[in-house]
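>>> Would you be able to build a 3D model of this:
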Amino acid sequence: MLINASGLLHKCDEPKPVQAVRAEDSSPAVPSVSVDQDEEKLPVSNAHGSTGSTDSGGAFAAFQSLVASLAPKVDRDEVAAMIKAEMENIVVPTRTVVERLIGDRKIIANSHEKLADVTTDLLSGEHVLMVGPAGTGKSTIAEQAAESLGLPYFSISLSPMTPASQILGYMQAEGEYVRSLFREAYEHGGVFHFDEFDNGHPSVLAVINASLANAQMAFPDQMVKRHDDFRCVASANTYGRGPDRAYVGRQQIDAATLDRFSIETIGVDESLEYSLCMASGLGKDEVLRVLDYVRNLRANAEQRAMTVVISPRASVGMCRLLAAGKTWEAAVESRMRRGMSDKDWGKLCANY
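Model (predicted):
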């Protein structure tokens, strides 16, 4: 039996009295942090709010100083260099904006870099002959130029077998006139594109020349006045001086016919080429690998004057084949080598 100090009987299961806890005691202890500043220690407030010789403002300043000392130093020139390096890796295709009147704007995204020049020529009233290697996008430029001008687009491809009736139309046995696409553009306005212009027969080119030389033209049924919004665009692989080593079947174009056109030289637009390759569904790293490979071979072919054409069609085709699951070797064989002899292939791949 136990007796408490008060003289009462002690009970073992009696709860112990609860001690009162002050509000400041309930706050957890704050670890002490000190910052070297002019070789003096700046105390930070303790658990009970005591600040010693330094007030709360000084403690906050010390904390800020600590954070500043821990932050990495950033050099402006280094940041600018990093941004420039990243921007150089970004390829942005040309976007052509055509504004004929105030508020009348036409934007052509993913356009060739020469579209603006061709459109400007057409706006000035000129007819245009685009000259460049195969696969550089001449037909697309012609179509986008018509879109830029808000005019209908018509196109045919010329060959030595193309008859003049495909340009002028013809009369049926019953006496009914059959109109041509060229007649529609000539009479009602539009952009007419003659593809493979240097592959057309001289007699057909003479008909085209007559249509551009005069304000009106004789069709099988009647004389027709040329519409003010009629424009002619032609595309060719040569400048009309006859065949060369790469384009052996081309015709020499009469000087009078060439004189009807302003000439625009169309090359490979590498920004557009990149955009088309990315649209193939192939990953970016593989696209860059394809472009590096194709462009090196293209440069070799030009430097060595080889009679091979390595156009953007080759790079886009390779990307499509790789995206479809073909191996690199199979894609190269299908889209790049294409039966080339070992000697020529070794010459093309030199220094790669």
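>>> Okay, domains of the protein per the record?
The chain breaks down by automatic domain parsing into domains covering 23-70, 94-264, 270-348.
>>> of all those, which lies closest to residue 80?
Between residue 80 and these, the shortest gap by C-beta to C-beta is with domain 23-70, which sits at 22.9 Å. In short, each C-beta sits where N, CA and C put it, glycine included.
>>> before we move on, the earlier item: of all the domains of the chain, which lies closest to residue 81?
Residue 81 lies closest to domain 270-348 among the domains of the chain, at 21.4 Å (C-beta to C-beta).
>>> Do me a favour and average the pLDDT over the closest one.
Across domain 270-348, pLDDT averages out at 95.
>>> dump the residue contacts of the closest residue to residue 217 other than its chain neighbours.
In space, and not counting its chain neighbours, residue 217 is closest to residue 211: 4.9 Å by C-beta to C-beta, 6 or more residues apart in numbering. Remark: with contacts taken as C-beta atoms under 8 Å, 6 or more residues apart in numbering, residue 211 is in contact with 167, 182, 186, 217, 226, 232.
>>> Serialize the residues you listed to a markdown table and add fields for distance to residue 317.
As requested, those are exported to a markdown table (distance: C-beta to C-beta, whole Å):
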| residue | distance to residue 317 |
| --- | --- |
| 167 | 33 |
| 182 | 33 |
| 186 | 37 |
| 217 | 41 |
| 226 | 41 |
| 232 | 31 |
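>>> from those, which two are the most distant?
Checking the contacts of residue 211 with C-beta to C-beta, the most distant pair is 167 and 226, at 13.8 Å.
>>> Who has more neighbours out of the two?
Just comparing residue 167 and residue 226: by other C-beta atoms under 10 Å the higher neighbour count belongs to residue 167, 25 against 16.
>>> element containing that one, please.
Taking DSSP states H and E as the criterion, residue 167 maps to helix 165-168.
>>> Just give me the neighbour total for the nearest residue to residue 350 once chain neighbours are set aside.
Residue nearest to residue 350 in three dimensions, not counting chain neighbours: residue 300, with 6.1 Å by C-beta to C-beta, 6+ apart. By other C-beta under 10 Å, 18 other residues sit near residue 300.
>>> pretty sure residue 300 contacts residue 352?
Yes - contact criterion C-beta atoms under 8 Å: residue 300 and residue 352 qualify, at 7.2 Å.
>>> Please name the bridge partners of the spatially closest residue to residue 239 that is not a sequence neighbour.
What sits nearest to residue 239 in space, not counting adjacent residues and going by C-beta to C-beta, 6+ apart, is residue 131, at 5.4 Å. Residue 131 has these beta-bridge partners by DSSP bridges: residue 236, residue 265.
>>> gap between residue 131 and residue 276?
As judged by C-beta to C-beta, to the nearest Å, residue 131 and residue 276 stand 21 Å apart.
>>> can you check residue 179 too?
The value you get for residue 179 to residue 276, if C-beta to C-beta is used, is 36 Å.
>>> on that earlier part again, do you know how far the residue nearest to residue 239 is from residue 145?
For residue 131 relative to residue 145 (C-beta to C-beta), the value is 15 Å.
>>> same thing with residue 216?
Taken as C-beta to C-beta, the span from residue 216 to residue 145 is 24 Å.
>>> I believe residue 263 is in a strand; please confirm or correct that.
Yes - with DSSP: H, G, I helix; E, B strand; the rest coil as the criterion, residue 263 is assigned to a strand.
>>> which one is it nearest to, not counting chain neighbours?
In space, residue 263 is closest to residue 129, 5.0 Å off (C-beta to C-beta, 6+ apart).
>>> pLDDT on the host helix or strand of that neighbour, on average?
Element membership of residue 129, judged by DSSP H and E, is strand 127-131. Average pLDDT, strand 127-131: 98.
>>> Please enumerate residues in contact with it?
114, 118, 121-122, 138, 141-142, 145, 197, 212, 231-240, 258, 260-266.
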